[in-house]
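Asker: next comes the sequence, and after it the predicted model I'd like to discuss.
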Amino acid sequence: MIWVLLKGIAVGVAVAAPVGPIGLLCIKRTLDRGWATGVASGLGVAAADASYGLMVAAGLSATGLLLAYATPMQLAGGLLIALLGLRTVWTGLTRSPDHAARGAVGRGLAGAFASAYALTLANPMTILTFAGLVAGLGATAASQPGAVYVLVAGVFAGSLLWWVFLTSATALARSRLTPGLIRALDLASGAALFVWGLWIARGALGAA
């Protein structure tokens, strides 16, 4: 059972580590609002990863889920990410240098969790990744009572460990950034989120 847990942790880290739009969003929130908001966002991502992990490990058809929900979820998620990108660019253009340096530490933890959870669920690549990574663990999990839940707990723990590490490293770097650099990061990350969101939404429309 310990081996199943360790495999789950490895899957959680493997899914969380690549920096995509959600990772960029968590980094941006940590820089803007502080460590607690970054961790709350990471917790939302980890919870979504665990949700998908439970679906796949329990034997649900990833293909069926994608056919039923992928296109509307991908479209909604892409548009949301694009809007968040525009908001981030606007923040970089309008807020004062003093606010850029100070941030809004700890603001809206529940909202940070919920939005990160929803955006991660709206990314169909998450379930495709889990379908591939968890497939090789299915036989092991099925042969041991309760192993599926241990596997999912490992996925959650691995994902959360990664986000705590990333947000902690970002928070340490935050104190060394000048207000001008924070503003430049606002503009760059906002533009990246906007383009990424439009690309995701365009993919959804192309698949419709």
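Answerer: In hand now; what should we look at?
Asker: can you map out the helices along this protein?
Answerer: In chain order, the chain shows helices spanning 2-16, 21-33, 35-57, 62-65, 71-94, 97-102, 109-121, 124-135, 138-142, 147-174, 179-207, with DSSP state H as the criterion.
Asker: need these in JSON lines with mean neighbour count and mean pLDDT, can you?
Answerer: From N, CA and C alone the C-beta is placed, and that goes for glycine too. Formatted as JSON lines, the helices of the chain follow (neighbours: other CB atoms under 10 Å; pLDDT from 0 to 100):
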{"stretch": "helix 2-16", "mean neighbour count": "20", "mean pLDDT": "86"}
{"stretch": "helix 21-33", "mean neighbour count": "24", "mean pLDDT": "86"}
{"stretch": "helix 35-57", "mean neighbour count": "24", "mean pLDDT": "86"}
{"stretch": "helix 62-65", "mean neighbour count": "14", "mean pLDDT": "53"}
{"stretch": "helix 71-94", "mean neighbour count": "18", "mean pLDDT": "84"}
{"stretch": "helix 97-102", "mean neighbour count": "14", "mean pLDDT": "51"}
{"stretch": "helix 109-121", "mean neighbour count": "19", "mean pLDDT": "89"}
{"stretch": "helix 124-135", "mean neighbour count": "19", "mean pLDDT": "63"}
{"stretch": "helix 138-142", "mean neighbour count": "14", "mean pLDDT": "54"}
{"stretch": "helix 147-174", "mean neighbour count": "20", "mean pLDDT": "90"}
{"stretch": "helix 179-207", "mean neighbour count": "17", "mean pLDDT": "83"}
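Asker: and Gly154, how far is that from Ala48?
Answerer: Relative to Ala48, Gly154 is positioned 16 Å away (criterion: CB to CB, to the nearest Å).
Asker: go on, Arg176?
Answerer: Taken as CB to CB, the spacing of Arg176 relative to Ala48 amounts to 31 Å.
Asker: over to Trp35?
Answerer: Spatial separation of Trp35 from Ala48 under the definition CB to CB is 20 Å.
Asker: using CSV, list the CA coordinates for stretch 185-205.
Answerer: Output for stretch 185-205, consisting of C-alpha atoms alone and laid out as CSV, is shown next (Å, rounded to 0.1, in the frame of the first residue of the first chain):
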residue,chain,number,x,y,z
LEU,A,185,5.5,40.9,-14.7
ASP,A,186,1.8,41.9,-14.5
LEU,A,187,1.9,42.9,-18.1
ALA,A,188,3.9,39.9,-19.3
SER,A,189,1.9,37.3,-17.4
GLY,A,190,-1.4,39.0,-18.3
ALA,A,191,-0.6,38.9,-22.0
ALA,A,192,0.5,35.3,-21.7
LEU,A,193,-2.7,34.3,-19.9
PHE,A,194,-4.8,36.2,-22.5
VAL,A,195,-3.1,34.4,-25.5
TRP,A,196,-3.2,31.1,-23.7
GLY,A,197,-6.9,31.5,-23.0
LEU,A,198,-7.7,32.4,-26.5
TRP,A,199,-5.7,29.4,-27.8
ILE,A,200,-7.6,27.0,-25.5
ALA,A,201,-11.0,28.5,-26.5
ARG,A,202,-10.1,28.3,-30.2
GLY,A,203,-9.2,24.7,-29.8
ALA,A,204,-12.7,24.1,-28.2
LEU,A,205,-14.4,25.8,-31.1
